[in-house]
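*Asks:* what follows is a protein structure lacking sequence information:
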C-alpha cells in the first residue's frame, strides 16, 4: 500500500522557526520520501494555514497536496494560546525583538490583574501591530515598518471567548486565552498593559489549539512523514 500525500499534518512548531521554515522542511522530507517510494522525483505541495511568529511555538496545521487549496478553511477557526507578558516595559514590535521603553513600575495586585483580564472578554476593536504580515498596497506591514515608513493599520473586530490567569510573579504574567481568528496576542498584551497603567509586551507565546485540533496530537518537524498525514472531511 502506498503512502498518502494528501491531507493535513499537525506540527509543533519550535521556537525560532518561521512558518516558512516548517513548510520547507516538511516539503523536502515528503518529496524525498515520495522519490524513495515511487522512484521518481516529485515536489510535494505543502503549505501553512496562517503564520505563527518565529518567537512563538506550538500548533501549526500544515496542508499537503490537494489540501493546499483548503488552507484558508483551516486558518479561520478560533484558537487557544498560552501567553506570557512582561509588565513595566513596552516594545516597538510588541514582543522580545523590539526596542524596550520603561513604563510605570506599579506592582499590580492579583485581584486587579484578574479584573482587567476579564474586561477584555467579548467582541472589541483591535489594532494589529505594525510589525505584522498584513499587506498594505501589496507590501507586508513589517517590511514597511522596518524601512522606516509610516504604517497605519485599521482596527478590526475580534472576539475573546475566554481568558484566565495561570501564574503571576511580577513582572511576569502567564495567561491562557481563547480567541477568534485574526486576533493578535501582541496587541492584546499591549492593550492589557495600557489598561493596567504599567505598559506591557508579549514575552512568550505558545499556540495550543486550533478549533478541535490540539498540540497534544501534533508531531515534531523531524518526525513528519507521509504516514503522519491525515485525511479530514
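*Replies:* Right, received. Where do you want to start? As the structure is a computational prediction, the values presented were derived from the model and not from experiment. Numbering: from 1, shown residues only.
*Asks:* care to break the protein down by domain?
*Replies:* Domain ranges of the chain: 7-76+212-228, 79-210, per automatic domain parsing.
*Asks:* report pLDDT for the residue lying closest to residue 211 once chain neighbours are set aside.
*Replies:* Of all residues not flanking residue 211 in the chain, residue 77 sits nearest, at 3.4 Å (CB to CB, 6 or more residues apart in numbering). Yep, even glycine has a C-beta here, placed from its N, CA and C like the rest. On the pLDDT scale, residue 77 is placed at 96.
*Asks:* before we move on, back to that, mean neighbour count added to the domains of the chain, as CSV?
*Replies:* Listed next are the domains of the chain as CSV, based on neighbours: other CB atoms under 10 Å:
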stretch, mean neighbour count
domain 7-76+212-228, 17
domain 79-210, 17
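*Asks:* worst average pLDDT in the ones you listed?
*Replies:* Averaging pLDDT over each of the domains of the chain puts domain 79-210 lowest, since it has a mean of 89.
*Asks:* what's the span of that one from first residue to last?
*Replies:* In domain 79-210, first residue to last residue: 5 Å (CA to CA, to the nearest Å).
*Asks:* and it, how far from the chain's centre?
*Replies:* 12 Å (CA atoms, centre = their mean, to the nearest Å).
*Asks:* SS state for the spatially closest residue to residue 217 that is not a sequence neighbour?
*Replies:* Leaving aside its sequence neighbours, residue 217 sits nearest to residue 10 (CB to CB, 6+ apart; 5.3 Å). Per DSSP: H, G, I helix; E, B strand; the rest coil, the local secondary structure of residue 10 is strand.
*Asks:* show me what contacts residue 10?
*Replies:* Each residue near residue 10 by CB atoms under 8 Å, 6 or more residues apart in numbering is listed here: 59, 60, 61, 62, 213, 215, 217, 218, 219, 230.
*Asks:* am I right that the first one is in contact with residue 211?
*Replies:* No. Residue 59 lies out of contact with residue 211 (CB atoms under 8 Å); the separation is 10.2 Å.
*Asks:* my read is residue 191 is in a helix, agree?
*Replies:* Yes. Assessed by three-state DSSP, residue 191 belongs to a helix.
*Asks:* and residue 231, how many neighbours?
*Replies:* A count of nearby residues for residue 231, using other CB atoms under 10 Å, gives 9.
*Asks:* number the chain from 25, please
*Replies:* Will do, 25 is the new start, and the previous item becomes residue 255.
*Asks:* if I pick the residue lying closest to residue 99 once chain neighbours are set aside, what's in contact with it?
*Replies:* What sits nearest to residue 99 in space, not counting adjacent residues and going by CB to CB, 6+ apart, is residue 74, at 3.9 Å. Residue 74 makes contact with 43, 98, 99, 205, according to CB under 8 Å, 6+ apart.
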